[in-house]
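Asks: I would like the atomic coordinates for the input below:
(2 chains)
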Amino acid sequence: MSDLTEGLRGTPEERGLPRAYWAATTRAAPSLDEVRARVPGWGGDLDYADRPAVPMEDFDPGATNAHWDFPEQQPEKWPREMSPEHGILPPVFGTGQPPRGISGVIRRYAYTLSEARASHWLLLLAADRVDVLESSVESALKGRPDNPLAESGVFAEFTRHGIRSRAGKNRADVKHQWMDPLIVAVPWVIGGFAAFAAGRALSRALGASDEGEFRRAVRARRESARRSQSDLDADYARSGDDDWAAPAY
Amino acid sequence: MRAMVYRGPYRIRVEEKDIPPIEHPNDAIVRVTRAAICGSDLHIYHGMMPDTRVGQTFGHEFIGVVEEVGPSVQTLKRGDRIMVPFNIFCGSCFFCSRKLYANCHNVNPNATAVGGIYGYSHTTGGYDGGQAEFVRVPFADVGPSIIPEWMDEDDAVLLTDALPTGYFGAQLGDIQAGDVVVVFGAGPVGLFAARSAWLMGAGRVIVIDHLEYRLEKAREFAFAETYNFAEYDDIVLHMKKITDWLGADVAIDAVGAEADGSFMQMVTASKLKLQGGSPVALNWCIDSVRKGGTVAVVGAYGPLFSAVKFGDAMNKGLTIRANQTSVKRHWPRLFEHVRNGIFKPSDIITHWVPLEHIAEGYHMFSAKLDNCIKPIVVPN
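Replies: Numbers count the residues shown, from 1 in each chain, chains lettered A, B, ... in the order given. Next comes the predicted model:
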């Protein structure tokens, strides 16, 4: 008969039980002496006093070179779009790319909504896409059209070993990188379709009036011809002349 | 001046722009000598950050030479070689007085949930960035520091974001002697976080990524144990197996919004922009750290919602600590480490890209070509 207590003899460590299941005081890791010998600087910041961000909040208003209680206000060149969660316009801000066009209208509306609302961020993302289309048209009109290929930097595929960097590397990102060109191309395709559709609609609008005139003219000629034939038939009936009769076959 | 400008998702070009003017008495105008492309720049390059406007110049990691100063600037003068933290901060608000410089309330009208950042959409204040010949630097007396004579320019530019952010990530982890630390992401921030974890006494540092060349760098540069998640059916399960079925004590998310590893998360977040970010790395952090452990988040996410496994975080009693890095707070200690040779930040730089070729530089970095880890942009 086997000894049922055999597997319970010895400490959990001696029995090889994983540390998660008993009151282990240490982790299964190399000895700290071994680590210290292997890694330069090991433990240099073990003391919390040597960790600059500990504690995270450390009230010390004199720690910066700020020589003001509150900074001077930067001039506001246009009504600066601002989160409604701000009590005042912060004294300093970026001034690049003021809102403009349809994207600007969307952005200004988005900034009436708090940062807590998903709609705030989704509207801003939508405005970004509109901005891309607006800016592409504007840039083309200014004589510097976008060059999607050059701007995508895709030529690096040839100069920076695009195939060699991926082939046989078992990279997780290769599974979805094929989508990247689509993301670049789709707005252009949509824009192309939109331009084509707009052009066709315009052409139809212009063509419709021409076609109408043409049709009216044809209808008038046919009517005139029909009337002429009726008049001739009437004349024939009146005259009783058989010369107009259709030849017999 | 020549400057990189955003033209739409995945598209940038170099354009002629006006040299920025002084707009506030404490502004400086800086001639950029080095800028870096950050992994988080890729989020805006890919169109993930709301209110990224066409025409904006990106670049929040840069160094340069002071060209002009506003009338109230006291500490800098024309010709000074300076390094500029990626945070724009006033030094005097409620948050700055508590050394939360990354959370300054006086520099970003567009949002209260994030401070001011150079060249990182209008959601962070609408400032143009440093991937240009010149850049406006607000609060010149507060943010920048003069580059020490002994410091290399390539080291200096990495001290404006990547190194402090990795170092801060390790601090957020509240690492104790002997802790098992897992870092998700072997990009620049992940490499620095892994290296920093040892300084704080980690007993074991594990780095997870899917790019073998970056994992090799993690082994060399950060002395880390590495695993390629693409080789495992379930990396979380593997983490449990190799940590005595406990999980790590500390997990650091050094990936952020475009984490790979879940096709659906990646597509819905990065491609379709229906989430603020793909939280794959964050979810793996939550699931692979032990109960009662700490998750540190320094990977950048957008402001929109993300599908985070918060139930697991709650049920495991986790501490989740996160923030943008208040860079300047870390400089004194990091300067010591760099000077003493503990860190050689520029060891992770793989490419120097002329400004005129920046579109190719972005594509290379985004598509992870040519073993790219950290590209530096050289304006002139």
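Asks: who touches whatever residue of the stretch 151-300 of chain B ends up closest to chain A in this structure?
Replies: In the stretch 151-300 of chain B, the residue found nearest to chain A is B:G203; the distance is 3.6 Å by C-beta to the nearest C-beta. Every C-beta, even on glycine, is put in place using the N, C-alpha and C of the backbone. By C-beta atoms under 8 Å, 6 or more residues apart in numbering or on different chains, the contact set of B:G203 is A:27, A:29-30, A:32, A:35, B:177-180.
Asks: CSV please, covering these and showing distance to B:V297.
Replies: Shown next, in CSV, are these (distance: C-beta to C-beta, whole Å):
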residue, distance to B:V297
A:R27, 23
A:A29, 24
A:P30, 27
A:L32, 27
A:V35, 25
B:A177, 23
B:G178, 23
B:D179, 17
B:V180, 18
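Asks: Please report how far the residue of the stretch 151-300 of chain B closest to chain A lies from B:A177.
Replies: For B:G203, the distance to B:A177 equals 7 Å [C-beta to C-beta, to the nearest Å].
Asks: Need the overlap of contacts for these two.
Replies: By C-beta under 8 Å, 6+ apart, the residues touching both B:G203 and B:A177 are A:L32.
Asks: residue contacts, the residue lying closest to B:C285 once chain neighbours are set aside?
Replies: Spatial nearest neighbour of B:C285, chain neighbours left out: B:A251 (3.7 Å); criterion: C-beta to C-beta, 6 or more residues apart in numbering or on different chains. When contacts are counted by C-beta under 8 Å, 6+ apart, B:A251 is found next to B:173, B:181-184, B:284-286, B:288-289, B:293-296.
Asks: any idea how far B:A251 lies from B:G341?
Replies: According to C-beta to C-beta, B:A251 stands 29 Å off from B:G341.
Asks: what's the answer for B:I12, then?
Replies: Distance, B:I12 to B:G341, by C-beta to C-beta: 37 Å.
Asks: So between these two, which is more surrounded?
Replies: Applying other C-beta atoms under 10 Å in any protein chain shown to B:I12 and B:G341 shows that B:I12 carries more neighbours, namely 25 against 9.
Asks: does residue 92 count as helix, strand or coil?
Replies: Chain wasn't specified; assuming chain A. Using DSSP: H, G, I helix; E, B strand; the rest coil, the structure places A:V92 in coil.
Asks: could you do chain B instead?
Replies: Applying three-state DSSP: B:S92 is coil.
Asks: What is the neighbour count of it?
Replies: By the measure other C-beta under 10 Å, the count of residues near B:S92 is 21.
Asks: residues touching the residue of the stretch 101-250 of chain B found nearest chain A, list them.
Replies: Nearest to chain A, among the residues of the stretch 101-250 of chain B, is B:G126, at 3.2 Å (C-beta to the nearest C-beta). By C-beta under 8 Å, 6+ apart, the contact list for B:G126 reads A:93-97, B:53, B:56, B:109-110.
Asks: export the residues you listed to a markdown table and tack on neighbour count?
Replies: Shown next, in a markdown table, are those (neighbours: other C-beta atoms under 10 Å in any protein chain shown):
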| residue | neighbour count |
| --- | --- |
| A:F93 | 25 |
| A:G94 | 29 |
| A:T95 | 18 |
| A:G96 | 19 |
| A:Q97 | 21 |
| B:R53 | 24 |
| B:Q56 | 25 |
| B:P109 | 24 |
| B:N110 | 27 |
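Asks: Now tell me which of those residues the prediction trusts least.
Replies: For those, the weakest pLDDT value sits at A:G96, with 94.
Asks: That one contacts B:Q56, doesn't it?
Replies: Yes - counting by C-beta atoms under 8 Å, B:Q56 is a contact partner of A:G96 at 5.8 Å.
Asks: Common neighbours of those two, please.
Replies: Common contacts of A:G96 and B:Q56 (C-beta under 8 Å, 6+ apart): B:126, B:128.
Asks: Measure how buried B:D179 is and give me the count.
Replies: By other C-beta under 10 Å, the residues close to B:D179 number 22.
Asks: Surely it and B:L246 touch.
Replies: No - counting by C-beta under 8 Å, B:D179 does not reach B:L246; the two are 11.4 Å apart.
Asks: Show me the common contact partners of those two, please.
Replies: Residues touching both B:D179 and B:L246 by C-beta under 8 Å, 6+ apart: A:R27.
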